[in-house]
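Enquirer: Fold the following.
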Amino acid sequence: MTVPRPVRASVLIAAAAMALALTACSSPTSGPTTPSPSASDSSSPSSTSTATPRPTGTSTATPIDGQCATSDLSGAIGPGAGGAAGSIGVTIVLTNNGSSSCDLQGWPGVSFVGDGNGTQLGKSAELDRSTPHPTVTLAPGGKASAPLKITQAGNLPEEECKPKTADGFRVYPPGSTASLFIKTTDYTACTVPTASLLSVGALVAG
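Expert: Residues are numbered from 1 along each chain as shown. From the prediction side, this is the model:
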């Protein structure tokens, strides 16, 4: 039997409409989407950003009123009270070269440096917190000193120390992030970063 032409056209139109409806159902235009890898990888938590901290083990945490500016200070190595077996006792001496009095209080940060460019050698000095730590007022030309114990590098196994003659000491006055340099080649440092040879007490007058 032959289908009349108008009926055939109606069937084709209905089939096309059904196909469009099915296509719309299979392609939703709303709903949750998964971010692309590039979007998620391009950001990082803000909580991971922190300010640069004060160097660990190099100085007491808080500056005091009237604190000496590092630029007004010079440093030297002075005689100490001697050392125990296998160590040497000296003092770190800081002199006020400014035109007015200023104060220091606490433990200086001390480390060996070398390689001709200020590279730290070994671990920074441990702070001997058993020593008195008064506020010291330095008149112009006045001095403050801190006892420094230096363990002889030869006491450590070679592989744990890797000894080398130091160029001198880097010293942070208490409460300061600026340092000064004391030149001396009289002492042997360790180049292994975890090797500890130094222990420093608090500053006292003189």
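Enquirer: Look at the closest residue to residue 111 other than its chain neighbours and say how many residues are nearby.
Expert: Spatially, and ignoring its direct neighbours in sequence, residue 111 is nearest to residue 124 (4.4 Å; C-beta to C-beta, 6 or more residues apart in numbering). All C-beta spots, glycine's among them, are computed from the backbone N, C-alpha and C. Counted with other C-beta atoms under 10 Å, residues neighbouring residue 124 total 20.
Enquirer: Same question for residue 139.
Expert: 11.
Enquirer: wait, the residue nearest to residue 111 sits on residue 109?
Expert: Yes - counting by C-beta atoms under 8 Å, residue 109 is a contact partner of residue 124 at 6.1 Å.
Enquirer: follow-up on the earlier one: mind checking what secondary structure the residue nearest to residue 111 has?
Expert: Using DSSP: H, G, I helix; E, B strand; the rest coil, the structure places residue 124 in coil.
Enquirer: how close does it sit to residue 116?
Expert: Using C-beta to C-beta, to the nearest Å, residue 124 is found at 20 Å from residue 116.
Enquirer: From residue 141, how far out is the residue nearest to residue 111?
Expert: From residue 124 to residue 141 the distance is 29 Å (C-beta to C-beta).
Enquirer: Then residue 73?
Expert: 12 Å.
Enquirer: and these two? which has more neighbours close in?
Expert: Neighbours were counted for residue 73 and for residue 141 using other C-beta under 10 Å; residue 73 has more, 22 against 9.
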